[in-house]
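Colleague: Have a look at this prediction, sequence included:
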Amino acid sequence: MEWAVALAEVLSKSWILMLLLLAIPLVAANLVVSFITLFRTTLMGKVAVHGLLVHTLLLAVGAVVSVGVSYFLTRDLSFAEFTIEGEVPDSNSRSLSLMAGGMQQFLTRLIIPVILCSIIVAVALNYAPKNFRNSVINYLRQVNKRLFSWLNILFRALPVSVGCIAFVITATSGWQLAGMAVYYVAAVCAVLLLVTGLMYVVAAMFGSVPVSRFARALWPAQLVAASTSSSLATLPALLTSTSTLAGETRITGTAVPLFVSFFRINLMVANPFSFFLLSRMYGLPVEWPNLLMFLGLMLVTSFGSPGLPQMGKVYSLPVFLAAGIPLEGVMILKAVDAIPDVFKTVLNVTEIGTVTSVVLRKVNTAAASPVTIEP
């Protein structure tokens, strides 16, 4: 048993290390491209600016609700001491384990500087000559494509890696891991449903149409979201739904593709619950400075996350690592994320519909305002 635990630990740590070595540059490159595109787009019109402001406010509201509910749902949880360290009987296994752990610590120190440098580079390139800026964007997109290809290859070993992690935790901490996974699925879906319901409240109070019409218009896009678990796949249905809200496509045809490309509210709702649950699971103190740093980094990286199935956790890995959360626990949650992914995508689509409805009301109000000519 000791030999099996040691081998599983080395395999899981090595796989996670390779994942981080791909994920961190992928996040950095995608942040640069995303922010440059966002900067250039917001300069094109007020609709994008209004949408970005509304989305940012909804991110803050969603995060506050998620933190409050997550704290309530996890405050009374008690786990036996979870550990990712097994008994390592031979020196070779111990050396590999220590090496992987040392590399993770090194990458942890790089995460915040990498994210800040990515934003600075994006701002600088926004004012660079157009040809140079386009060359950099094209190069980074090629880098992203290659990193995605390597990630897809690495993900083929995901069941083996998660199996090794689960084996190590179960061997050292008992079978409570299964109960924790079931609780995670049920609780995080409840949090996502709560914030999704809140989007209807916002649409009813500040949107351009009655909430009943809003719900009927958005229903087809939500069905596509639930069946695909991909925000990008819902774009055609969202264009149809939001044009129903607007009565025309002049605004929605430009704004909705932008919103689908950049708005991922689910990261600010589901990940705080994961943060609290994993902190309880590993006996880590939940301190406000660490939580605020976690939320701030998650907000920034949410703009660079692609709307693809199962990719949200990959973009969140560096943030969890920077917050001191063991990534083995994050991967365990990712392994049971199939059902929560459905609710995450539905939340994303509902929020995009809410942002569009609020922006349309603002645009229509501005268009209907009388023009006063000073004598």
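Modeller: Good, I have the coordinates. Keep in mind that this is a model prediction, so the values were computed, not measured.

Colleague: Spatially central residue for the chain, please.
Modeller: Leu267 (3.3 Å; CA atoms, centre = their mean).

Colleague: ok, and the closest non-adjacent residue to Val33?
Modeller: Leu140 (5.1 Å; CB to CB, 6 or more residues apart in numbering). For the C-beta atoms, the positions are set from N, CA and C on the backbone; glycine is no exception.

Colleague: That neighbour: neighbour count?
Modeller: When counting by other CB atoms under 10 Å, one arrives at 19 neighbours for Leu140.

Colleague: I'd say it and Ala29 touch.
Modeller: Yes - counting by CB atoms under 8 Å, Leu140 does reach Ala29; the two are 4.6 Å apart.

Colleague: Am I right that the residue nearest to the centre of the chain is in contact with Phe320?
Modeller: No - taking contacts as CB under 8 Å, Leu267 lies outside contact range of Phe320: 11.5 Å.

Colleague: related to what we said a few turns ago, quick one: mean pLDDT for the helix or strand containing the residue nearest to Val33?
Modeller: Here Leu140, judged by DSSP states H and E, is contained in helix 130-155. Average pLDDT, helix 130-155: 89.

Colleague: What is it packed up against?
Modeller: Contacts defined by 3 or more CB pairs under 8 Å, 6 or more residues apart in numbering; DSSP states H and E place helix 130-155 against helix 2-42, helix 91-126.

Colleague: Report the distance from the one helix or strand Asn271 maps to to the chain centre.
Modeller: Per DSSP H and E: Asn271 is located in helix 266-281. Mean-position distance between helix 266-281 and its chain equals 11 Å (CA atoms, centre = their mean, to the nearest Å).

Colleague: can you pull the contacts of Tyr4?
Modeller: Quick fix: residue 4 reads Ala, not Tyr. 167, 171 (CB atoms under 8 Å, 6 or more residues apart in numbering).

Colleague: From Ile165, how far off is it?
Modeller: 13 Å (CB to CB, to the nearest Å).

Colleague: low-scoring stretches of the stretch 251-375 of the chain, by residue?
Modeller: Residue ranges of the stretch 251-375 of the chain with pLDDT under 70: 251-253, 306-313, 363-375.

Colleague: go with 90
Modeller: 251-264, 280-288, 300-318, 321-322, 324-339, 356-375 (pLDDT under 90).

Colleague: Report the inter-axis angle for the one helix or strand Thr354 maps to versus helix 266-281.
Modeller: If you go by DSSP H and E, Thr354 is part of helix 338-368. Taking axes from the mean of the first three to the mean of the last three CA atoms, to 10 degrees, one finds helix 338-368 and helix 266-281 inclined to each other by 140 degrees.

Colleague: So what does Pro210 have for phi and psi?
Modeller: The phi/psi pair for Pro210 (degrees, to the nearest 10) reads phi -60, psi 150.

Colleague: Show the contacting residues for it.
Modeller: Taking CB under 8 Å, 6+ apart as the test, what Pro210 contacts is Ala204.

Colleague: any idea how far Ser135 is from Pro129?
Modeller: 10 Å.

Colleague: So the two - more neighbours on which side?
Modeller: It is Ser135, of Ser135 and Pro129, that has more neighbours when counted by other CB under 10 Å, with 12 against 9.
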